[in-house]
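Visitor: Could you work out the structure for the sequence below:
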Amino acid sequence: MDDQNKNLILATALSFLVILVWFILFPPPEPDPATQTAPAPATTETADGVATAPGTAVAPTGPANVAEARETALETAPRIDIDTPRLTGSISLIGGRIDDLSLKDYRVSLEDGAEIVTMLSPVGTPSAYYALYGWAPGSGLGLDDVPGANTEWQIENGETLTSENSVTLRWDSPSGLTFRRTLEVDADYMFTVTQSVSNDSSGAVSLAPYGVLARHGEPDDLKNFFILHEGVVAMADGELSEIDYDDMPDFEIVPSEGARAEVTQVSQNGWIGFTDHYWMSTLIPQPGSAFKSVAKYDERRDIFQTEAVLPTQTVAAGQSTEVTTQLFAGAKEWEAIQTYQRSGVERFIDSIDWGWFFFLTKPIFWLLHELNVLIGNMGWAIIGLTLIIKAVLFPLAYKSYVSMAKMKELQPQMEALKERAGDDRQKLQQGMMELYKKEKVNPAAGCLPILLQIPIFFSLYKVIFVTIELRHAEWLGPFRDLSAPDPTSIINLFGLLPNEAPDPNSLMALIFIGILPLLLGISMWLQQKLNPAPTDPTQQMVFAWLPWVFMFMLGGFASGLVIYWIANNTITFIQQYAIMRSQGYTPDVFGNIRQSFAKKSKPDEK
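Guide: Predicted coordinates for the structure are as follows:
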């Protein structure tokens with residue numbers, strides 16, 4: 001077997017091995033059922049004048065049905081509506097909680113009439129999820145002197161929270177303090193919360209403003225997939241930290257927090273919150289502000305909690321103070337998050353899980369996003385991205401394919417060396433090395449383009465799986481979600497019939513593959529036919545099976561990724577054919593195809 005075929009087998013086998021290991025270690029995610037809890041109220045603790053944020057509210061009993069439970073929970077408290085171009089929901093006057101929020105631009109599925117995505121849910125619903133603000137009492141104040149999770153606020157100004165109109169809530173403390181909370185929201189997903197307190201009592205008081213995000217139980221759509229981070233995401237003075245939900249019960253008990261917690265003191269810039277696959281909520285103190293960042297888990301009530309507690313403030317009699325923080329609650333859209341980062345939220349773009357290969361995933365996504373903006377179709381943007389990547393790698397590919405063409409030219413001399421060396425392997429190797437050196441040929445160059453595709457493939461896989469821009473992104477015909485596997489199958493005549501394809505996780509889907517995996521196998525098979533099949537029967541069998549093994553193995557991957565692979569194979573075929581022909585060697589593609597279908601002669605037939 002010549003060195004060209006050796007290199008191709010080595011590179012293909014390595015690619016196959018890496019993808020196989022990846023497929024075994026990171027199988028397609030399966031959603032876990034929601035954890036439903038009914039937690040009891042939290043309390044506030046104060047130690048040495050350092051305030052600790054009270055946390056959550058009582059979960060009333062209600063219907064087991066999710067829709068009925070939500071409707072009942074929303075009716076248990078007076079509310080202020082939220083209505084913006086992209087958000088709808090309400091604010092509970094009990095606790096002043098932002099606990100009812102849905103995203104107008106996103107639906108739970110592609111089915112006609114599918115409901116819009118629910119982001120936040122009130123206490124009393126399965127997997128309650130909400131934002132709560134307040135003031136933790138310092139020295140000289142008790143719990144009844146500050147608004148808590150179940151305090152009923154009054155509306156002082158505004159009727160509906162919109163991107164043009166704010167609302168202000170008010171609560172008068174029996175100790176002579178007046179608390180106000182003004183809420184604003186922009187046209188996307190950023191809330192601005194301004195808390196103030198006026199001291200009309202006869203003495204100075206100490207108290208600390210805080211913000212809390214609470215989740216009752218793990219989210220019901222948790223993916224539990226190795227490639228994706230779900231849980232706490234935080235930035236503290238330029239250092240990013242990520243904590244999975246299943247790691248929070250392992251926190252050490254912090255007495256001052258009254259629960260298992262991880263506490264970080266932020267000196268200037270930071271934020272903390274929860275991130276899911278496509279959605280995120282984040283507490284963001286003003287840039288330059290010091291605060292205590294807390295990730296907390298209450299194991300008794302199964303509550304996950306993040307807190308941003310600002311320094312304790314002393315308000316003299318007759319004086320007032322206020323503090324402004326922000327709350328992001330919505331979709332992890334690259335463009336929106338990038339805009340907020342430019343406005344001062346440090347490294348906010350890193351709230352998207354770019355992974356270890358961020359130096360590849362970030363530029364790949366940026367380029368894909370810009371192409372999508374230009375073209376207006378994510379499928380064609382992926383093909384355009386493939387063209388650009390191949391153009392960038394073209395100089396290396398050119399050298400590789402030129403080397404492969406020269407290797408073909410050296411075949412007669414190689415055969416002569418083998419005849420002269422006979423069974424002397426050392427003499428053969430020395431002769432081959434001298435020949436390579438004389439002709440300036442690198443026998444390993446042929447596998448480099450294939451090997452370079454591996455990190456790019458994995459980075460693009462990360463981008464397609466993690467970023468919301470690929471969720472429900474259409475291409476053409478039946479391909480309406482490029483983040484999902486190919487929806488076509490022979491069962492629905494590859495999308496021509498309205499029948500649904502088999503479930504992507506079923507054995508049927510593995511057998512009755514879609515049109516994209518089939519095209520992938522054909523493109524790999526045609527790429528092989530640029531070279532004659534190796535003479536060794538075992539090597540012939542390996543070559544014959546590889547395209548179809550890849551076809552079935554990659555059939556369950558996101559269709560956007562398979563589109564990239566097909567486009568990459570097609571462009572590689574054209575490049576390799578053109579370059580090898582320019583070097584005086586014209587691949588006999590049709591001859592190699594005919595040879596692969598020709599009936600092999602048996603020894604006694606010769």
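
Visitor: For the stretch 101-250 of the chain, which segments count as helices?
Guide: Secondary structure of the stretch 101-250 of the chain (DSSP state H, counting those that start in this stretch): no helices located.

Visitor: quick one: the strands in it?
Guide: 116-120, 129-137, 154-157, 160-161, 167-172, 177-185, 190-199, 205-216, 231-236, 239-244 (DSSP state E, counting those that start in this stretch).

Visitor: Of all these, which one is nearest Ser320?
Guide: strand 190-199 (4.1 Å; C-beta to C-beta). C-beta here means a position set from N, CA and C on the backbone, and glycine is covered the same way.

Visitor: Can you name every helix or strand that the closest one contacts?
Guide: strand 129-137, strand 177-185, strand 205-216, strand 320-331 (3 or more C-beta pairs under 8 Å, 6 or more residues apart in numbering; DSSP states H and E).

Visitor: Can you say which of the strands of the stretch 101-250 of the chain is nearest to Pro85?
Guide: That would be strand 177-185 among the strands of the stretch 101-250 of the chain, by C-beta to C-beta, at 10.4 Å.

Visitor: ok so, going back, present the strands of the stretch 101-250 of the chain as a markdown table; the columns should include mean pLDDT and mean neighbour count.
Guide: Formatted as a markdown table, the strands of the stretch 101-250 of the chain follow (pLDDT from 0 to 100; neighbours: other C-beta atoms under 10 Å):
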| stretch | mean pLDDT | mean neighbour count |
| --- | --- | --- |
| strand 116-120 | 96 | 19 |
| strand 129-137 | 95 | 26 |
| strand 154-157 | 96 | 12 |
| strand 160-161 | 96 | 18 |
| strand 167-172 | 97 | 19 |
| strand 177-185 | 97 | 20 |
| strand 190-199 | 97 | 20 |
| strand 205-216 | 96 | 25 |
| strand 231-236 | 97 | 23 |
| strand 239-244 | 96 | 14 |
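
Visitor: Which residue ranges make up each domain of the chain?
Guide: 3-22+363-598, 53-353 (automatic domain parsing).

Visitor: Could I get the phi/psi values of the closest residue in space to Arg480 that isn't next to it in sequence?
Guide: The spatially closest residue to Arg480, leaving aside those adjacent along the chain, is Glu474, at 5.0 Å (C-beta to C-beta, 6 or more residues apart in numbering). The phi/psi pair for Glu474 (degrees, to the nearest 10) reads phi -90, psi 160.

Visitor: tell me the mean pLDDT over the host helix or strand of Glu370?
Guide: Taking DSSP states H and E as the definition, Glu370 sits inside helix 358-375. Averaged over helix 358-375, pLDDT sits at 95.

Visitor: just stretch 339-354 next, same as before
Guide: 96.

Visitor: What are the buried residues along that stretch?
Guide: 340, 345-346, 348-354 (16 or more other C-beta atoms under 10 Å).

Visitor: Show the end-to-end separation of it, please.
Guide: This stretch, stretch 339-354, spans 18 Å end to end (C-alpha to C-alpha, to the nearest Å).

Visitor: now swap in stretch 297-315 and tell me
Guide: Stretch 297-315 has its terminal residues 32 Å apart, counting by C-alpha to C-alpha.

Visitor: Would you check how far apart Ser403 and Ala578 are?
Guide: Separation of Ser403 from Ala578 (C-beta to C-beta, to the nearest Å): 15 Å.

Visitor: before we move on, back to that, packed most tightly, which of the domains of the chain would that be?
Guide: Most buried of those by mean neighbour count (mean count of other C-beta atoms under 10 Å) is domain 53-353; its value is a mean of 19.

Visitor: follow-up on the earlier one: make a markdown table from the buried residues of stretch 339-354 and add secondary structure and distance to Gln413 to it.
Guide: Formatted as a markdown table, the buried residues of stretch 339-354 follow (DSSP: H, G, I helix; E, B strand; the rest coil; distance: C-beta to C-beta, whole Å):
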| residue | secondary structure | distance to Gln413 |
| --- | --- | --- |
| Tyr340 | helix | 64 |
| Val345 | coil | 64 |
| Glu346 | coil | 62 |
| Phe348 | helix | 61 |
| Ile349 | helix | 56 |
| Asp350 | helix | 55 |
| Ser351 | helix | 59 |
| Ile352 | coil | 54 |
| Asp353 | coil | 53 |
| Trp354 | coil | 49 |
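
Visitor: will you turn those residues into a markdown table that also has distance to Ala67?
Guide: What follows is the buried residues of stretch 339-354, written out as a markdown table (distance: C-beta to C-beta, whole Å):
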| residue | distance to Ala67 |
| --- | --- |
| Tyr340 | 33 |
| Val345 | 35 |
| Glu346 | 40 |
| Phe348 | 34 |
| Ile349 | 36 |
| Asp350 | 36 |
| Ser351 | 31 |
| Ile352 | 31 |
| Asp353 | 31 |
| Trp354 | 36 |
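
Visitor: What's the separation between the residue most central in space within the chain and Thr178?
Guide: By C-alpha atoms, centre = their mean, the chain has its centre lying nearest to Val466, at 2.2 Å. According to C-beta to C-beta, Val466 and Thr178 sit 46 Å apart.

Visitor: before we move on, what about His369?
Guide: 47 Å.

Visitor: again, but for Thr586
Guide: Distance from Thr586 to Thr178, by C-beta to C-beta: 87 Å.

Visitor: For the nearest residue to Val323 once chain neighbours are set aside, list each beta-bridge partner.
Guide: Distances taken as C-beta to C-beta, 6+ apart place Pro209 nearest to Val323, at 4.6 Å, with adjacent residues excluded. Beta bridges link Pro209 to Trp135 when assigned by DSSP bridges.

Visitor: Touching, Pro209 and Thr324? I think so.
Guide: No: counting by C-beta atoms under 8 Å, Pro209 stays clear of Thr324, with 9.5 Å between them.

Visitor: overlap in contacts of those two?
Guide: By C-beta atoms under 8 Å, 6 or more residues apart in numbering, Pro209 and Thr324 have these common neighbours: Gln195.

Visitor: which stretches of the stretch 1-150 of the chain have low pLDDT?
Guide: Residue ranges of the stretch 1-150 of the chain with pLDDT under 70: 1-64.

Visitor: could you redo the last one with a cut-off of 50?
Guide: In the predicted model of the stretch 1-150 of the chain, residues 1-5, 7-8, 22-51, 60-62 satisfy pLDDT under 50.

Visitor: Tell me which other helices or strands the helix or strand containing Glu335 touches.
Guide: In the assignment (DSSP H and E), Glu335 maps to helix 334-342. Helices and strands touching helix 334-342, by 3+ C-beta pairs under 8 Å, 6+ apart, are helix 358-375.

Visitor: Show me what secondary structure element comes after the helix it packs on.
Guide: Following helix 358-375 in sequence order, the next helix or strand is helix 378-392 (DSSP H and E).
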